[in-house]
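> The sequence isn't on hand, but the structure is:
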């Protein structure tokens, strides 16, 4: 009898979901007439070197943790000067040490990180600027404003203009 109880306890424990180190978040906002929804997992700095360290330069990054970040718009919008049709996309960034970063909207929304990222599935790519943050941001956050959205983390803010 005791042996059966141990097996059942181990099975129940294995099925109990563990909290994620990088918790999931969602932010919703309006840009013009479009409703924008960004779903992402938020890693923390935890004393690590982020840009050029944990997140390498010149490599596709999931723009968050865990699953690829998703970006949804219910209306056609312009990102920079390029048209992005209404729909749901995986959102990636390619950070750069010495130039503009590249924002990518990819048609494969459900993927773990950027491990199987396929450039041929990109809907849109646009260069974006980054600026230093006045105060370091421990947890990665997204903000939506009437002019676009930003990813703020560590000592950088990446702004993606939308209209």
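That came in fine, so what should we check first? None of these values were measured; they are calculated from a predicted model.

> need the next SSE after the helix or strand bottoming out on mean pLDDT in the chain, C-terminal direction.
Every helix and strand in the chain was compared by mean pLDDT, DSSP states H and E; the lowest is helix 2-15, with a mean of 49. Using DSSP states H and E, the helix or strand that follows helix 2-15 towards the C-terminus is strand 24-31.

> quick one: low-confidence parts of this protein?
1-18 (pLDDT under 70).

> swap the cut-off to 80 and go again
Filtered on pLDDT under 80, the chain yields the residue ranges 1-20, 113-115.

> Just the strands from it, written as ranges.
Secondary structure of the chain (DSSP state E): strands at 24-31, 34-41, 69-73, 77-79, 82-84, 87-94, 101-106, 122-145, 148-161.

> Name the residues of the longest one that are buried.
Translated: strand 122-145. 122-126, 128, 130, 137, 140, 142, 144 (16 or more other C-beta atoms under 10 Å). Yep, even glycine has a C-beta here, placed from its N, CA and C like the rest.

> Put together TSV for the strands of the chain, with distance to residue 59 on each row.
Listed next are these as TSV, based on distance: least, C-beta to C-beta, whole Å:
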stretch	distance to residue 59
strand 24-31	23
strand 34-41	18
strand 69-73	16
strand 77-79	21
strand 82-84	23
strand 87-94	7
strand 101-106	11
strand 122-145	15
strand 148-161	15
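
> ok so, going back, for my notes, please list the buried residues of strand 122-145 in JSON lines and give distance to residue 66 for each entry.
Shown next, in JSON lines, are the buried residues of strand 122-145 (distance: C-beta to C-beta, whole Å):
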{"residue": "122", "distance to residue 66": "21"}
{"residue": "123", "distance to residue 66": "22"}
{"residue": "124", "distance to residue 66": "23"}
{"residue": "125", "distance to residue 66": "23"}
{"residue": "126", "distance to residue 66": "24"}
{"residue": "128", "distance to residue 66": "23"}
{"residue": "130", "distance to residue 66": "23"}
{"residue": "137", "distance to residue 66": "19"}
{"residue": "140", "distance to residue 66": "11"}
{"residue": "142", "distance to residue 66": "15"}
{"residue": "144", "distance to residue 66": "21"}
